[in-house]
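> following is a predicted model, sequence given first.
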Amino acid sequence: MNLISIQQRIFEVRGHKVMLDFDLAALYEVETKVFNQSIKRNVDNFPDDFMFRLTSQEWDEITIQLDHSPGDPDTNRSQIVTGSQKHRSSAFLPYAFTEHGVTMLASVLKSPKARKMNIAIVRAFIALRKFALDHRGITEQLRDLQQKISEHDVQLSQIYDAIENLLDQKAEEKKWQDRERIGFKK
């Protein structure tokens, strides 16, 4: 499984990068039901900052992202979304696993396949974090440019006001110069 296909299964929810139970089950090549049973048997290993159940609203937002994301070369995600996963009842909303939760899965799922997949998933999370850190400078540069542009907008506005005042003064002076003189004529 390549890194990009794993990264496409990582979403941001509640300020955390997470993977969903059915995506993890697919990566570990087990049924989602079996995967979740293993988790429930070891629920003490998964505090709220490692694993949480999505709300209906969060799930709706993710399904919109899934509907608009490019196809995953390893699975047909559109079939997953339009099938049983998209229309889950609130009692069966997916679990979301943070990076730490995924790491904890290694202690729960002990097959060789699970260990290899865990390593690949953790590497995907690390690559995303590295990408974000590498591009932090670009975000700061954009913020600086935005501030300069807003400063220039203020300065340009002041220049336009000054030009309008000058034009108004010239128009007023011209009005007085072009008027017909009255009174004593030579």
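Yep, it's here.

> verify the stated contact: residue 93 with residue 60.
No: the pair residue 93 / residue 60 is not scored as a contact, 10.2 Å apart, by Cβ atoms under 8 Å. Placement of C-beta: from N, CA and C, glycine included.

> and the residue most central in space within the chain, what are its phi and psi?
With distances taken as Cα atoms, centre = their mean, the residue of the chain nearest its centroid is residue 12 (6.1 Å). Its backbone dihedrals place residue 12 at phi -110, psi 120, with angles given as degrees, to the nearest 10.

> what do you get for residue 110?
Here is the backbone geometry of residue 110 (degrees, to the nearest 10): phi -110, psi 10.

> and the gap between it and residue 97?
Taking Cβ to Cβ, to the nearest Å as the criterion, residue 110 is separated from residue 97 by 17 Å.

> and those two? Which one has more around it.
Comparing residue 110 with residue 97 by other Cβ atoms under 10 Å, the one with more neighbours is residue 97, at 25 against 10.

> who's in contact with that one?
By Cβ atoms under 8 Å, 6 or more residues apart in numbering, the contact list for residue 97 reads 18-21, 24, 46, 50-51, 105.

> secondary structure element holding the residue nearest to residue 45 when sequence neighbours are not counted?
Closest residue to residue 45 apart from its sequence neighbours, by Cβ to Cβ, 6 or more residues apart in numbering: residue 104 at 5.2 Å. According to DSSP states H and E, residue 104 maps onto helix 99-108.

> in the protein, where is pLDDT below threshold?
Judged by pLDDT under 70, the chain has its weakly predicted residues at 1, 68-91, 176-179, 181, 185-186.

> what is the neighbour count of residue 57?
Around residue 57 sit 8 other residues, with neighbours defined as other Cβ under 10 Å.

> more neighbours: residue 93 and residue 60, which one.
When residue 93 and residue 60 are compared for neighbours, residue 93 comes out ahead with 16 against 11, by other Cβ under 10 Å.

> next one: phi and psi at the residue lying closest to that one once chain neighbours are set aside?
The shortest distance from residue 93 to any non-neighbouring residue, by Cβ to Cβ, 6+ apart, is to residue 54 (4.8 Å). Taking degrees, to the nearest 10, you get phi -70, psi 150 for the backbone angles of residue 54.

> I'd like to know how far residue 54 sits from residue 170.
Here residue 54 is placed at a distance of 67 Å from residue 170 (Cβ to Cβ).
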